[in-house]
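Asker: Fold the following, please.
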Amino acid sequence: MRSFLFQILFFSFTTLLSAQEVSFRAEPSRKSLGENERLRVDFIMNREGDNFTPPSFENFEYSGPTQSVSNSWINGVRSFSKTYTYMLQPKKKGKLTIGAASVIIEGKEYKTKPLTIEVTDPVANPRSAQTTPPTSPFGNNSPFGNFPFGFDPFGTEEVQPMEIIEPTKEDLFITAEVSSNHVFVNQPVTITYKMYLSARFGIAGFESIEDPRYANFWSQQLLDKLQVTEVVHNGKPFRCITLKQVLLYPQQSGEQEISPLSTSFVLQLPSNQVDFFGNRSYVTRSRRLQSNALKIKVSPLPEEGKPANFSGAVGKFSLSVNFPTRTVNAGETAQGEVIISGKGNFKLFDMPKLTFPPALEVYAPKEEEHLNHSATGVSGDITHTYTIVPQYKGKFPIAPLSFTFFDPETQKYETLTSDPFTIEVPNGEEYNATSPENTSEVAQEKGQFAPLKTEAKLAPINRAVFFGSGLFYLLWLLPIVLIPIVLLLRYFYQKRNDDTAENRSRRTNRLAKKYLSAAKKNIHNKELFYESIERGLHTYLKAKLHIETSELSKDKVRELLEEKQVESSTIARFLQLLSNCEMARYAPYTQADIDNDYEQAASIIALLDKQL
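Answerer: Predicted structure coming up:
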């Protein structure tokens, strides 16, 4: 019996529910408002629906939607309502149209009627977008009227719809601050990108930060993470987020333009609603901003007074030559240092090299850097350590070392010169400067006597007849023997130089050993590795294209390689690798990435060597 009654009640409920017609409508909070007022629009349906699609709101700035659901029983009848709410701000005056919204209910599409809103001139006292509050069953004597935070389940207080506070251009912006707008070639300039955000808003996170193009500049990133400080701007509290700081060394004169920095982020916007504990509620929105573009005037270095040994150093430097051990026994080793210290474009000039007499065996200098990158430039020192092994007895003078740099402050070239010194070897064989091992042929000037020869080469007066001699037949048979040998050698030479995988690998290994040895040594130190890769690529270009360090801008390199008819894909790979070297020092890289970049560098050098 109880089951039968339940079935009757359930049948009655479903009959009543199905008898209720589907309704989907749009209700504005008002149909006329001032240009500086806001409008609330509710899209209300009395059944659960899918695929709700709002209008475009092309004539309005908008925020939303917020959703609310009402489900109640009155006298055994179920009442359902679902609402999507938008807050609108008109963009202009006049009669503006809000198009139809659509939704799918029970497999059928329903649309609202378009709304026409009249927007008048701005009003002196703009009203907020509000709706009529619901009626309480307690009338004006609601027992919940005095609850804290305006809590009233029956809504006797006027319902405040959610209003989101949007930032203005004065509340949220990005600046690009440059240390100097006028510099010389290879004089440092620093650009700092900062986001200013009013303290009323927050940042939930950054989706991307896109670097500008630093064409014709050597660049070095100075920050490895964002920096946030509290500042006062125009008398108001702001959060200042330093997004990037870049140290640049211009490589080409003229007016250089730097494109804006762009970033995408998630912004936290406050609303007019609070929770039960009185905390303001926030909504998140994706935003995108970009900084201002920059123009920097770059002056060329003066040609007047430029010394012949100038290698591109710009800044303020000092030179030190230290050889503490100047008396060395034959066969023993001694070490000395050449140190360039100071502040300037350390990675963009050639170190000066000492010249030693041929009697001293000297190994290639070992380079060591102690550099600090800051917003004012690169400071520190570079040391070349020389190792010598004398073989002969004697006193061997070492000529003074000269180093020239351009000082932007005085706008003059300055040349530093070390003191000469002597390496003394007290034992060992006497050094004979005229012996075949130690001298090359010296052309005699006209009018001078040739040196006396100490050895006589005598021949008998009566010489044997050449024709019919053993030497005659040997020379006659020699071409017959040499021809097949020459052909075989030519065959193996061509085979060795064919563009096979084995030969390409051999050529790649040879060039990598020559130009990337420092990178190979530092392959487990990411920062030193990428600095060595970049320096090796620059050294290769200078050797092949016969250019100076100051000409090593990406645009100039591209231009020279195109003139040499290098394939565009090879040029693109080379420039991309240079960009990777600049970025990889400040990005997370695995050992596999480093190994791959080393192989890429060796492969690209081999490709360039084949095409140049």
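Asker: now the helix or strand harbouring residue 579, how far from the centre of its chain.
Answerer: If you go by DSSP states H and E, residue 579 is part of helix 568-584. Centroid displacement of helix 568-584 relative to its chain, using Cα atoms, centre = their mean, to the nearest Å, is 12 Å.
Asker: Against which helices or strands is it packed?
Answerer: Judged by 3 or more Cβ pairs under 8 Å, 6 or more residues apart in numbering; DSSP states H and E, helix 568-584 is in contact with strand 217-221, helix 526-545, helix 554-563, helix 591-611. In short, each C-beta sits where N, CA and C put it, glycine included.
Asker: For residue 582, which of the ones you listed is the nearest?
Answerer: strand 217-221 (5.8 Å; Cβ to Cβ).
Asker: can you list contacts of the closest one?
Answerer: If you take Cβ atoms under 8 Å, 6 or more residues apart in numbering as the criterion, strand 217-221 is touched by 244-251, 256, 258, 345, 347-348, 373, 378, 552-553, 582-583, 585-586.
Asker: Make TSV out of the helices and strands packed on helix 568-584 and add distance to residue 177, mean neighbour count and mean pLDDT.
Answerer: Listed next are the helices and strands packed on helix 568-584 as TSV, based on distance: least, Cβ to Cβ, whole Å; neighbours: other Cβ atoms under 10 Å; pLDDT from 0 to 100:
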stretch	distance to residue 177	mean neighbour count	mean pLDDT
strand 217-221	16	19	90
helix 526-545	26	19	82
helix 554-563	24	16	82
helix 591-611	33	17	83
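Asker: Generate a markdown table for those, with distance to residue 239 as supplementary columns.
Answerer: Formatted as a markdown table, the helices and strands packed on helix 568-584 follow (distance: least, Cβ to Cβ, whole Å):
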| stretch | distance to residue 239 |
| --- | --- |
| strand 217-221 | 22 |
| helix 526-545 | 31 |
| helix 554-563 | 35 |
| helix 591-611 | 34 |
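Asker: between the ones you listed, which one is nearest to residue 295?
Answerer: Of all the helices and strands packed on helix 568-584, strand 217-221 comes closest under Cβ to Cβ, at 12.9 Å.
Asker: could you flag which of the contacts of strand 217-221 are buried?
Answerer: Buried subset of those (neighbour count, 16 or more other Cβ atoms under 10 Å): 244-251, 256, 258, 345, 347-348, 378, 552-553, 582, 585-586.
Asker: Once you drop chain neighbours, what's closest to residue 68?
Answerer: Residue nearest to residue 68 in three dimensions, not counting chain neighbours: residue 83, with 4.9 Å by Cβ to Cβ, 6 or more residues apart in numbering.
Asker: shouldn't the one you found be in contact with residue 43?
Answerer: Yes - Residue 83 is within contact range of residue 43, at 6.9 Å (criterion: Cβ atoms under 8 Å).
Asker: Which residues are in contact with each of those two?
Answerer: With Cβ under 8 Å, 6+ apart, residue 83 and residue 43 have no common neighbours.
Asker: neighbour-wise, which of the two wins?
Answerer: residue 43 (23 against 15; other Cβ atoms under 10 Å).
Asker: Name the residues linked to the closest residue to that one other than its chain neighbours by a beta bridge.
Answerer: Nearest non-adjacent residue to residue 43, counting by Cβ to Cβ, 6+ apart: residue 84, 4.4 Å away. Judged by DSSP bridges, the bridge partners of residue 84 are residue 43, residue 67.
Asker: now swap in the one 5 residues further on and tell me
Answerer: Here residue 89 shows beta-bridge partners residue 61, assigned using DSSP bridges.
Asker: And residue 112, how far from residue 52?
Answerer: Plainly put, residue 112 is 11 Å away from residue 52 if you go by Cβ to Cβ, to the nearest Å.
Asker: next structured bit after the lowest-mean-pLDDT helix or strand in the chain?
Answerer: Lowest by mean pLDDT, DSSP states H and E among the helices and strands of the chain is helix 2-19, with a mean of 48. Of the helices and strands lying after helix 2-19 in sequence (DSSP H and E), the nearest is strand 24-28.
Asker: What strands flank that next one, and is each parallel or antiparallel?
Answerer: strand 39-45 (antiparallel).
Asker: Residue 600 versus residue 606, what's the distance?
Answerer: 11 Å.
Asker: for residue 537, what are its contacts?
Answerer: 515, 574, 577-578, 581, 601, 604-605.
Asker: Return the member of those residues nearest to residue 337.
Answerer: Within the contacts of residue 537, distances to residue 337 taken as Cβ to Cβ reach their minimum at residue 515, with 24.4 Å.
Asker: Once you drop chain neighbours, what's closest to that closest one?
Answerer: Counting by Cβ to Cβ, 6+ apart, the residue nearest residue 515 is residue 536, at 4.3 Å.
Asker: Quick check: the one you found touching residue 521?
Answerer: No - at 11.3 Å, residue 536 does not count as touching residue 521 under the criterion of Cβ under 8 Å.
Asker: that's a helix at residue 485, yeah?
Answerer: Yes - Residue 485 forms part of a helix when assessed by DSSP: H, G, I helix; E, B strand; the rest coil.
Asker: how far away is it from residue 473?
Answerer: Residue 485 is 19 Å from residue 473, by Cβ to Cβ.
Asker: Could you do residue 177 as well?
Answerer: 89 Å.
Asker: Counting neighbours, go ahead and name the busier of those two.
Answerer: Set residue 177 next to residue 473 and count neighbours by other Cβ under 10 Å: residue 177 wins out with 14 against 10.
Asker: right, and the more buried one touches residue 194 too?
Answerer: Yes - the pair residue 177 and residue 194 passes the contact test of Cβ under 8 Å, sitting 6.7 Å apart.
Asker: residue ranges with poor pLDDT in this protein?
Answerer: Low-confidence segments of the chain, defined by pLDDT under 70: 1-20, 72-77, 124-162, 274-278, 432-469, 495-514, 548-551, 583-589.
Asker: Which residue ranges make up the domains of it?
Answerer: Annotated domains of the chain cover 21-131, 172-299, 315-430, 501-611 [automatic domain parsing].
Asker: Just send those back as JSON lines, with distance to residue 479 too.
Answerer: JSON lines is the format used below for the domains of the chain (distance: least, Cβ to Cβ, whole Å):
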{"stretch": "domain 21-131", "distance to residue 479": "92"}
{"stretch": "domain 172-299", "distance to residue 479": "58"}
{"stretch": "domain 315-430", "distance to residue 479": "40"}
{"stretch": "domain 501-611", "distance to residue 479": "31"}
